[in-house]
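S.K.: Everything below, folded, please.
(one chain, ligands or ions: 1)
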Amino acid sequence: MKKPLIFLTGILLLAGLSSLKKGYKTPLYKDEHAPIKQRVEDLLKRMTLDEKMMQLSQYTFGLNDNPNNIEREKSTLDPRVGSLIYFGNDPILRNEIQKRAIEETRLGIPILFGFDIIHGCKTLFPIPLATGCSFDTALARKACEIAARESYLSGINWTFSPMINIARDPRWGRISEGYGEDPYTTSMFAIASVKGYQGNKNIIDSLHIAATLKHYIAYGLSEGGRDYTYTDVSRQALWETYLPAFKAGVDAGAKTVMSSFNDISGTPATINKYLLTDVLKNDWGFKGFVVSDWDAIAQLMAQGVAKDSMACAQKALMAGTDMDMLDGIYEQNLKELLKEHRVTMQRMDDAVRRILTVKFQLGLFDHPYTPVIPASQRYLQPHARTIASKLAAESMVLLKNKKNILPISSSVKSIAVIGPMVKDSFDLMGAWRGRADVKDVESIYTALQEEFNGKISLHYAKGCDFDSKDKSDFDSAIQAAKISDEVILFLGEKNGWSGENASRSNISLPKVQEDLIKAIKEKTGKPVILVLNNGRPLALANIEPDVNAILEAWQPGTLGASAIAGILSGRINPSGKLDVTFPLTTGQIPVFYDMRQSARPQSGIYQDLGTNDPMYWFGYGLTYTTYHFGKVKLSATSIKKKQQLIATVHVTNTGTRDGEETVLWYISHPEATISRPQKELKHFQKLGIKAGQTVTYKFVINPKAVLAYPNDKGESILEAGDYYLMVGNQKLRFELRN
Ligand code: GLC
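M.R.: Okay, here's the model as predicted:
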């Protein structure tokens, strides 16, 4: 026995010695125990110019999944590419491409596969505008963890999410993709999303993916609510409203940022050196990389700031855009630009270094392949369904409930269920549906049948389409209503009416839907409950008086229908509050809660409306129980800047149903060097309160973090003076001293 072992040992030793003699040792960048910084530098110095340029380029793969397209794509793909937007969800195909990068290229640099997982991968959660209404960041984080796991197992290591654009113009279709109008709320959900996608660690483990803070920045200010347009953004507004959520996301460790399409007061985001380099990279110390938006570098010519593709590439790279999405402008021009000294090798190396660092942090060099497990074990797992159902329920907002018609009374024996949404699963999904499949999405009708199984008979009629002149089905709707005790109308928007390139000049429901409501009201007199599925705030002034209740159900995703049914039946007690204001009419836009006070608060009223107030303010939402707020207590009424102030309030559930209540704490600073919003949300907390129980909510006010405001240079200004804490209908003054 002994002899072979000695012989084998000798062979191994000889092999080891010979390879050392020839100098063949594992390159440092391949040593998974070496520090990432060293691995990056070792790899960078080995790279040719072409290899560097390819790392700065991102293309698509699997745009349509017919086999001959994939075969052609595979044959034309340059495996040295830095990243691919992966439109497939097959880990085997993804691994096949990755294998080419690892084995067929000189340095074996892995490809970073990305995709738009905006509100879920296969398990679809509510659209982000709905999730923000839950005010439940812990739950939102769990949803992102699930999305990360399903994405990772689909071969995706990078999501272009969270979208954290503050939006106050519901004409803009992309308002559906963010968390509403408020910088603080959006900041909290940015943090929750980054931690959900990436996990806690700096090194992302095998079931997390890189996040993207997008679209940097102020994209939601799109002129006229139209997409891709000019945005007039003052430095004060940048620092006060649009930058905070990105700063929160960067501090939470986001690995990437996507620059936005819009022209920011004359300097498009893609070439905005002040924002991309001075603020993001130098001031904030962001160590990840910036990816452009789709073709945004080439689009600089349309924006009138570059005469040709060379100028596009030169301006974008030198401003701080590291990776070029889709248009190939970097790959086509950087070599020439280097030769002409119009870009620097130092800047190019910095961009490559950032991208390689993220790839190392994702573990792609050491574990480049996706584990292949059956789709049935990847997607829609029980935990995922539980979280999706709970988040859908918590995101829904009860806007009206006249005489407590909801939840549906046990005396109701028949309901007319009417509207284009009743049997439509597809439009419950919303824009950016990830990998979700409509066959996994339960329709409202099926959910109602399960919820009321036999206790209440359902009379269905479509009534109308989403938007047409055809009223031929009105009669059947009216008949269904006449034979029923109550009517539930399921109306709203199609998926394609919100999201990218989906602006609408009028945010009322289409006329045919409004006419259906009025026809049923006038022809039957039955009580009408309106359930809305939509991707933006709607102007409901025309029809609000005609309905007894309104449930804003948004586009709630895979498990949304059962959440709607649960709220209607009373199985679920609604707890959502609006993260965005609902104007009375389109003409009121923009109207949002943290506006500045008018110089003449009692004047300047819309003559045709008689009010400047919206239909529903940010923070509004009803529930099936009642809460009593005790007197807010302050630990002091005067503090120094270095002291803390603690505010508490006892909240009692005085109703008969358990519930979850979100307490929103606002600060008002009525006299400052520059005017402040009439109030600003600075803290929120959502707690479960059983019927009859009292729970204490607490807000620890650290003056620097809570009372300071940024000036137009981003400097934090903390001024002594009078402040007010506002919670519920209480407003308490306190003084801040030097
Ligand atoms: C789109 C969107 C952006 C998305 C990207 C990749 O145009 O603006 O949000 O992540 O392209 O699909």
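
S.K.: From here on, just use CA atoms for contacts and neighbour counts.
M.R.: OK.

S.K.: mind checking which helix or strand the nearest residue to residue 646 once chain neighbours are set aside is in?
M.R.: Nearest in space to residue 646, with sequence neighbours left out and distances taken as C-alpha to C-alpha, 6 or more residues apart in numbering, is residue 700 at 4.5 Å. Taking DSSP states H and E as the definition, residue 700 sits inside strand 694-701.

S.K.: Please apply the same query to residue 94.
M.R.: helix 91-104.

S.K.: The next helix or strand after that helix pairs with which strands, parallel or anti?
M.R.: Where DSSP H and E defines the elements, the next helix or strand beyond helix 91-104 is strand 112-115. Using DSSP bridges, the strands paired with strand 112-115 are strand 83-86 (parallel), strand 158-159 (parallel).

S.K.: Redo these as JSON lines? Include mean neighbour count.
M.R.: Conversion of the strands paired with strand 112-115 to JSON lines gives the following (neighbours: other C-alpha atoms under 10 Å):
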{"stretch": "strand 83-86", "mean neighbour count": "24"}
{"stretch": "strand 158-159", "mean neighbour count": "27"}
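
S.K.: can you put those strands in JSON lines and add distance to the ligand and mean pLDDT?
M.R.: Converted to JSON lines, the strands paired with strand 112-115 look like this (distance: least, C-alpha to the nearest ligand atom, whole Å; pLDDT from 0 to 100):
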{"stretch": "strand 83-86", "distance to the ligand": "7", "mean pLDDT": "97"}
{"stretch": "strand 158-159", "distance to the ligand": "8", "mean pLDDT": "98"}
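
S.K.: could those be laid out in JSON lines, adding distance to residue 422?
M.R.: Shown next, in JSON lines, are the strands paired with strand 112-115 (distance: least, C-alpha to C-alpha, whole Å):
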{"stretch": "strand 83-86", "distance to residue 422": "33"}
{"stretch": "strand 158-159", "distance to residue 422": "32"}
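
S.K.: among those, which is nearest residue 458?
M.R.: Nearest to residue 458, of all these, is strand 158-159, at 41.5 Å by C-alpha to C-alpha.

S.K.: Quick one: mean pLDDT over the helix or strand following the closest one.
M.R.: Next in sequence after strand 158-159, counting helices and strands by DSSP H and E, comes helix 183-198. Throughout helix 183-198, pLDDT has a mean value of 98.

S.K.: got a list of contacts for helix 183-198?
M.R.: With C-alpha atoms under 8 Å, 6 or more residues apart in numbering as the test, helix 183-198 has contacts from 132, 135, 137-138, 140-145, 147-148, 162, 164, 166, 178-180, 204, 208-211, 213, 241-242, 244-246, 248-249, 252-254, 579, 681-683.

S.K.: Past it, which element shows up next along the chain?
M.R.: Counting by DSSP H and E, what follows helix 183-198 is strand 212-216.

S.K.: ok, now which ones touch residue 723?
M.R.: Residue 723 makes contact with 667-670, 733-736 under the criterion C-alpha under 8 Å, 6+ apart.

S.K.: Among those, which lie within strands?
M.R.: Among the contacts of residue 723, the residues falling in strands (DSSP state E) are 667-668, 733-736.

S.K.: ranking these by neighbours, who comes first?
M.R.: Within the ones in strands among the contacts of residue 723, most neighbours by other C-alpha atoms under 10 Å means residue 667, with 23 neighbours.
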